[in-house]
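**Student:** Below are the sequence and a predicted model for it; my questions follow.
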Amino acid sequence: MRLIMCEQQDLESPEVKISYQEMTEEVKRVAGFVRSVSQTICCKKDNEKYVIPVSDIYYVESVDKKTFVYCEEEIFQSNYRLYEIEELLSDSGFVRVSKATILNIEKLTGIKTMVNSRLEAMLSNGESVCVTRKYLKEIKEALLRRNGR
């Protein structure tokens with residue numbers, strides 16, 4: 001894949017054009033990433049509203065029918081249900097890791113096996129999230145897509 005960048009002074013905002021011969025998983029992944037750069041999720045914290053860039057989200061978790069959005073250092077609440085956020089972010093590198101959690105694969109640094117035969121996803125901010133073995137296949141596929149294999 002080649003990257004061609006061209007400065008144009010007459011553009012009001014950047015635009016990205018993807019030319020391809022065939023729609024491959026790699027092309028879909030690049031398109032999803034480009035979309036996610038400007039994609040946001042509306043959240044709230046302490047009765048204030050925030051617009052969170054998708055690229056800042058580490059994972060999203062549902063607890064007691066409430067949806068929480070975890071960023072590097074802050075936690076927000078969303079009015080979306082977990083499955084709605086999963087649908088919104090599925091092309092942006094998010095993958096389900098348990099019944100109650102979806103994870104930004106770009107924030108994943110590794111997966112380790114725990115002594116009780118559970119798995120733990122290690123994130124780039126030092127946090128960890130439990131991974132259900134049921135979703136391990138989806139995580140592996142997402143990692144392979146991310147690494148271009």
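**Tutor:** Received the coordinates, thanks.
**Student:** for the longest helix seen in the chain, packing partners?
**Tutor:** Longest helix in the chain, counting residues (DSSP state H): helix 25-38. Contact here means 3 or more C-beta pairs under 8 Å, 6 or more residues apart in numbering; DSSP states H and E; on that basis helix 25-38 packs against helix 136-146. (C-beta placed from N, C-alpha, C; glycine too.)
**Student:** and the angle for the helix it packs on with helix 25-38?
**Tutor:** Put simply, helix 136-146 runs at 90 degrees to helix 25-38, going by axes from the mean of the first three to the mean of the last three C-alpha atoms, to 10 degrees.
**Student:** Off-centre distance for helix 136-146?
**Tutor:** The chain centroid and the centroid of helix 136-146 are separated by 13 Å under C-alpha atoms, centre = their mean, to the nearest Å.
**Student:** Which other helices and strands does it contact?
**Tutor:** Helix 136-146 packs on helix 25-38, strand 94-98, strand 108-113, going by 3+ C-beta pairs under 8 Å, 6+ apart.
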